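Visitor: coords please:
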Amino acid sequence: MSNPLQTSLFDDRPDREVRVVEVLGRVKAADKGQATFQRLVIQIEEQRTLLQLWQDYRARYSTRVSAELLPVQDELWEAGKRMAFLFDELLAQPDGLRKKRQRARLQLWLIELIQSLLLDQSDEELVAIHDKHSDFKYADDQELSMALSQDMIENLFGIRMGDEHGARSVEELFAKADQELRNRTEQAQQANAQQQKKRRKSRKAEEAEARQEQAQKEVSQSLREVYRKLASALHPDRETDAAARQRKTEQMQRVNQAYEAGDLLALLNLQLEIEQIDAAHLASLSAQRLAHYTQVLREQLAELKAEIDSIIAPFKPMVPYSRTLTPDMVDRSLSAEVERVVLSLEEIKGDLVDFRDPKKLAVALKDFESSGSGVDELADLAFLMEAFAPAAPAGRAKKATPKKRRK
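Guide: Numbers count the residues shown, from 1 in each chain. Model (predicted):
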């Protein structure tokens, strides 16, 4: 007689997937082991839902960045380039800026603007304008800047990077040094842990390790037994009916995928689908088998959480002060970044018109000087430390553009 708690895929609802989490929800846990098993099943299903949520959002985020952010960033960069052309044009006019101090300010502003634009992408026209107004060629200036930055970073981190680091900017150099330090720290910790393990290893420890290895073999054997039962029942070669053979072929593909991934929950779901097990079976697992299943589920849960963390990691700098990140929070941050870039674009467009007025340009140059310019040692160090600051949305670096200097 069929168990009333048993659910079949071959009833009048063949499109409905049978899941362990639903079946166990109808049964009260008989003991602590069963309660742990049920809790892990629920947690895995929750994490799978969360993983799918972030996987779907990652695709939507890329679409938004491509459609909303990158176009205005490109437009902002082009506006910055037009500003550089305007500054070059004004400096070429002998009667445009009569005061030497104003010309010096505008020339410095132009050089800093071009350097910021070239950080984002190379441009031969901008390099030519830079070299026309600077005492140092852009290539030589970058080489010197990288050498000084490397020396500072190596002293800061206490490491030597050599000449083959491959970094093309100070930010990349800083990131590589940080990663190198992390790698060395991790290697040192692993070496220390291994040494401590060797020192502490005793006969009892060796026996415990042997027991652990044996337990792991038994866990793998339990997983393999589930697979074998499914494979025996679903082998398509044993079917003469074409439709049944096709169905079993598809199910067997799912079985193989689940087994290769060590996905016990998916295998149990398949056993439920073909009525190989039911709720009563799950509720009456032996203590040993339950312990094996629980161990596999714990490993599955840890892997799911790690995969979710890897997807979320690139988004965390966008919302750095939140413990729990959600797609909605990332969306709001992206919207704010798009708005910031749009406002900067409108501002620079206004500047392109205003700066042709000598009076307005004079005010802007005065504000530029009062805001401070040039790079000293403290500013240089602050610039380097910005590598640790929250970045722009993943996929594109922030574009440096001239900020409005006038009131």
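Visitor: for Leu345, helix, strand, or coil?
Guide: Three-state assignment for Leu345 (DSSP: H, G, I helix; E, B strand; the rest coil): helix.
Visitor: And the pLDDT for it?
Guide: Leu345 carries a pLDDT value of 95.
Visitor: which residues sit in contact with it?
Guide: Taking CB atoms under 8 Å, 6 or more residues apart in numbering, we find Leu345 in contact with Val72, Glu75, Leu76, Ala79. For every residue, glycine as well, the C-beta is placed using N, CA and C.
Visitor: now Leu126
Guide: Leu126 sits next to Lys81, Ala84, Ile114, Leu117, Leu118 when contact means CB under 8 Å, 6+ apart.
Visitor: mind redoing it with 10 Å?
Guide: Shown in contact with Leu126 (CB atoms under 10 Å, 6 or more residues apart in numbering): Gly80, Lys81, Ala84, Phe85, Asp88, Leu110, Leu113, Ile114, Gln115, Leu117, Leu118, Tyr138.
Visitor: Name the member of those residues with the shortest distance to Gln295.
Guide: Nearest to Gln295, judged by CB to CB, of those is Leu118 at 55.6 Å.
Visitor: Could you look up the SS state of the residue sitting furthest away from the middle of the chain?
Guide: In the chain, the greatest distance from the average C-alpha position (CA atoms, centre = their mean) is reached by Asp95, at 52.9 Å. When classified by three-state DSSP, Asp95 comes out as coil.
Visitor: Ser122 now?
Guide: Secondary structure, three-state DSSP: Ser122 is coil.
Visitor: what separates the residue nearest the centre of the chain from Glu68, distance-wise?
Guide: Centroid-nearest residue in the chain: Pro314, 2.5 Å away (criterion: CA atoms, centre = their mean). For Pro314, the distance to Glu68 equals 18 Å [CB to CB, to the nearest Å].
Visitor: try Lys176
Guide: Counting by CB to CB, the gap from Lys176 to Glu68 is 31 Å.
Visitor: Assess the claim that Gln300 and Ile44 are in contact.
Guide: Yes - taking CB atoms under 10 Å as the definition, Gln300 is a contact partner of Ile44 at 5.7 Å.
Visitor: Pull up the overlap in contacts between the two.
Guide: Common contact partners of Gln300 and Ile44 (CB under 10 Å, 6+ apart): Asp263, Leu264, Leu265, Ala266.
Visitor: what's the average pLDDT for the strand or helix carrying Phe174?
Guide: Element membership for Phe174 (DSSP states H and E) is helix 170-200. What helix 170-200 shows for mean pLDDT is 74.
Visitor: Would you mark the buried spots in it?
Guide: Neighbour counts over helix 170-200 (16 or more other CB atoms under 10 Å) mark Val170, Glu171, Leu173, Phe174, Lys176, Ala177 as buried.
Visitor: filter the shared contacts of Gln300 and Ile44 to the buried ones?
Guide: Asp263, Leu264, Leu265, Ala266.
Visitor: which ones among these are found in strands?
Guide: Using DSSP state E, no member of those sits in strands.
Visitor: starting at the chain centroid, how far to stretch 76-93?
Guide: For stretch 76-93, the distance from its own C-alpha centre to the chain's C-alpha centre is 36 Å (CA atoms, centre = their mean, to the nearest Å).
Visitor: meant to ask about stretch 89-97
Guide: Distance of stretch 89-97 from its chain centroid, counting by CA atoms, centre = their mean, is 48 Å.
Visitor: oh, and call the first residue 32 from now on, that's how I've got it
Guide: I'll keep to 32 as the first residue from here, and by that count the last item is stretch 120-128.
Visitor: For it, buried residues please.
Guide: Leu121, Leu122, Leu128.
Visitor: coming back round to it: a markdown table for the contacts of Leu157, including neighbour count, secondary structure and distance to Ala311?
Guide: Shown next, in a markdown table, are these (neighbours: other CB atoms under 10 Å; DSSP: H, G, I helix; E, B strand; the rest coil; distance: CB to CB, whole Å):
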| residue | neighbour count | secondary structure | distance to Ala311 |
| --- | --- | --- | --- |
| Gly111 | 23 | helix | 71 |
| Lys112 | 19 | helix | 73 |
| Ala115 | 23 | helix | 77 |
| Phe116 | 14 | helix | 79 |
| Asp119 | 20 | helix | 83 |
| Leu141 | 25 | helix | 80 |
| Leu144 | 21 | helix | 75 |
| Ile145 | 27 | helix | 76 |
| Gln146 | 18 | helix | 73 |
| Leu148 | 23 | helix | 70 |
| Leu149 | 17 | helix | 71 |
| Tyr169 | 19 | helix | 77 |
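Visitor: which of the buried ones among the shared contacts of Gln331 and Ile75 sit farthest apart?
Guide: Farthest pair in those, by CB to CB: Leu295 and Ala297, 7.4 Å.
Visitor: Find the residues that touch each one of these two.
Guide: With contacts defined as CB under 10 Å, 6+ apart, the residues shared by Leu295 and Ala297 are Val51, Ile75, Ala289, Gln331.
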